[in-house]
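Asks: A predicted structure for the sequence below; I have some questions about it.
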Amino acid sequence: MVQISKDACKGCGICIALCPVKILEFSGELNNKGFRFPRITNEEKCTKCENCMIYCPDFAIVVSKNAK
């Protein structure tokens, strides 16, 4: 399971660029800081590599490997 804290995101797009299966894209919405945050397009394809979580400078993404 991938959890995105949209209000912690500053819209840098690093998570989108580093996702190996390209399941992240910018949302059309803005968070409370005025930034576009990522959204998941197809979580079933997520490999749980954790790249998005590891490289997010804002700690806005959490990947849970054991979630059902």
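Replies: Structure's in. What do you need? Numbers count the residues shown, from 1 in each chain.
Asks: from Ser27, how far out is Lys6?
Replies: Computed with CB to CB, to the nearest Å, the distance linking Lys6 and Ser27 is 7 Å. The way it works is simple: take the backbone N, C-alpha and C, and place the C-beta from them, glycine included.
Asks: find residues that contact each of these two.
Replies: Shared contacts of Lys6 and Ser27, defined by CB atoms under 8 Å, 6 or more residues apart in numbering, are found at Phe37.
Asks: surely Thr40 and Val2 touch.
Replies: Rather than Thr, residue 40 is Ile. Yes: Ile40 sits in contact with Val2 when judged by CB atoms under 8 Å, with a separation of 5.7 Å.
Asks: tell me where this protein has helices.
Replies: Secondary structure of the chain (DSSP state H): helices located at 14-18, 51-55.
Asks: would JSON lines of those helices with mean pLDDT be doable?
Replies: Output for the helices of the chain, formatted as JSON lines (pLDDT from 0 to 100):
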{"stretch": "helix 14-18", "mean pLDDT": "98"}
{"stretch": "helix 51-55", "mean pLDDT": "97"}
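Asks: right, and the ones you listed - which one's nearest Phe35?
Replies: Closest to Phe35 of these, according to CB to CB: helix 14-18, at 12.7 Å.
Asks: same for the closest one, what does it pack against?
Replies: Using 3 or more CB pairs under 8 Å, 6 or more residues apart in numbering; DSSP states H and E as the contact test, the elements touching helix 14-18 are strand 24-30, helix 51-55.
Asks: okay, buried residues for the first one please.
Replies: For strand 24-30, a neighbour-count test (16 or more other CB atoms under 10 Å) marks 24, 27 as buried.
Asks: parallel or antiparallel, list what pairs with that strand.
Replies: According to DSSP bridges, strand 24-30 has the following sheet partners: strand 36-40 (antiparallel).
Asks: low-confidence ranges in the chain?
Replies: Under the criterion pLDDT under 70, the flagged ranges of the chain are 67-68.
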